[in-house]
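Colleague: Starting from these lines, generate the structure:
(one chain, ligands or ions: 1)
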Amino acid sequence: MRLDIVSIFPEYFAPLDVSLIGKARERGTLDVRVHQLRDWAHDVHKTVDDTPYGGGPGMVMKPEVWGEAIDAVIAGGSPTTVTEGGPSTTVTGGGSPAAVAGGGLPRLIVPTPSGRPFTQELAQELADEPWLLFACGRYEGIDSRVMAEYGTRLRVDEISIGDYVLAGGEVATLVMVEAIGRLLPGVLGNAHSAVDDSFAPGAMRNLVEGPVFTKPPVWRGHEVPPVLLSGHHGKVARWRRDEALRRTVANRPELAAALDPETLDKHDRRLLEELSFRFQPEDMAN
Ligand SMILES: C[S@@+](CC[C@H](N)C(=O)[O-])C[C@H]1O[C@@H](n2cnc3c(N)ncnc32)[C@H](O)[C@@H]1O
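Modeller: Sure, this is the predicted structure:
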């Protein structure tokens, strides 16, 4: 998968050199290219923002500079990237769109608190794309005409990572890249880890994962639940599901309410009753 990231702070992306994502890049599973937006600004101050039409506080990112940057990335690269060795490492022969598996054009991802929520399901959908281009906003965001312009040619997704406001799109992009990257084939050491994760499709849809334990069996007087030492796979699976249900009801009641009653067995229903959790009557009718 190829990922292009355009930002006025390329140095934010140094963490993409380490851990799972760093290894995926070394192996070539992920081709990450980080571009300095200011390289496409033409004035002496490398200006990327201006005052908002209609007045109000803050500044808005200019459409011209974003347009040139996105056009250049789509056309096959930029003069500077931080794929390796820190900001502004020059990369020669930066990939042409044809070099991307599947060819075509990137899907443009614009992080913004006003976007649709980033979920595990969306992470999986994006992990199936051959090429993503992240446009990291700052100030009050990017002039909306940029999204309108590219929306005629590319799939454009405005995405929020949560109901809070960050200073810029860089951290939101890091969050998305890590969530997407760990779903790529071969990135996780144990491919089954993602299957048991919170929110994973299948048995864990709309459930968060329960508590986890490792050795020793007793630590500072706290014992590991005996069922986990029993070696009985069926009982362990049941216990894990119970704990996932308990945590979901306690911490994420809105997710519990969205559980499909059809996917619940008798034991699940009894446990939910014990937890005083009630589906709305219309849910039970389905
Ligand atoms: C200060 S914010 C702009 C907030 C904007 N005035 C609003 O209220 O919607 C600057 C940039 O940070 C990023 N950002 C902030 N919060 C975010 C969130 N929850 N999810 C994704 N991106 C976010 C976006 O790139 C945004 O353009």
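Colleague: which one is the closest residue to the ligand within the stretch 1-150 of the chain nearest to, not counting chain neighbours?
Modeller: With Cβ to the nearest ligand atom, the shortest gap between the stretch 1-150 of the chain and the ligand falls at Gly137, namely 2.7 Å. Glycine gets a C-beta too; all of them are placed from N, C-alpha and C. Excluding the flanking residues, the one nearest Gly137 by Cβ to Cβ, 6 or more residues apart in numbering is Gly169, at 4.7 Å.
Colleague: So for the one you found, what's the pLDDT?
Modeller: Note for Gly169: predicted pLDDT of 98.
Colleague: and what of Ser193?
Modeller: The model's pLDDT for Ser193 equals 74.
Colleague: ok, it - contacts?
Modeller: Applying Cβ atoms under 8 Å, 6 or more residues apart in numbering to Ser193 gives no contacts.
Colleague: What residue spans form the domains of this protein?
Modeller: For the chain, automatic domain parsing gives the domain ranges 2-181, 196-285.
Colleague: how about JSON lines for the ones you listed, with distance to Leu188 and mean neighbour count added?
Modeller: JSON lines is the format used below for the domains of the chain (distance: least, Cβ to Cβ, whole Å; neighbours: other Cβ atoms under 10 Å):
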{"stretch": "domain 2-181", "distance to Leu188": "7", "mean neighbour count": "17"}
{"stretch": "domain 196-285", "distance to Leu188": "10", "mean neighbour count": "13"}
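Colleague: Could you dump these into TSV with distance to Asn190 added?
Modeller: Formatted as TSV, these follow (distance: least, Cβ to Cβ, whole Å):
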stretch	distance to Asn190
domain 2-181	12
domain 196-285	10
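Colleague: Apart from its chain neighbours, what residue comes closest to the most centrally placed residue in the chain?
Modeller: The chain has Met176 as the residue nearest its centroid, 2.2 Å off, counting by Cα atoms, centre = their mean. Leaving aside its chain neighbours, Met176 sits nearest to Phe118 (6.0 Å; criterion: Cβ to Cβ, 6+ apart).
Colleague: hang on, the one you found packs against Ile159?
Modeller: Yes - at 5.1 Å, Phe118 counts as touching Ile159 under the criterion of Cβ atoms under 8 Å.
Colleague: Give the intersection of the neighbour lists for the two.
Modeller: Residues touching both Phe118 and Ile159 by Cβ under 8 Å, 6+ apart: Ala172, Met176.
Colleague: tell me the secondary structure for Cys112?
Modeller: Residue 112: Thr, not Cys. strand (DSSP: H, G, I helix; E, B strand; the rest coil).
Colleague: show me the contacts for it.
Modeller: Gly137, Gly141, Glu158, Ile159, Ser160, Gly169.
Colleague: Just the pLDDT at the second one, thanks.
Modeller: Confidence at Gly141, expressed as pLDDT, is 98.
Colleague: residues in contact with it?
Modeller: By Cβ under 8 Å, 6+ apart, the neighbours of Gly141 are Val60, Met61, Thr112.
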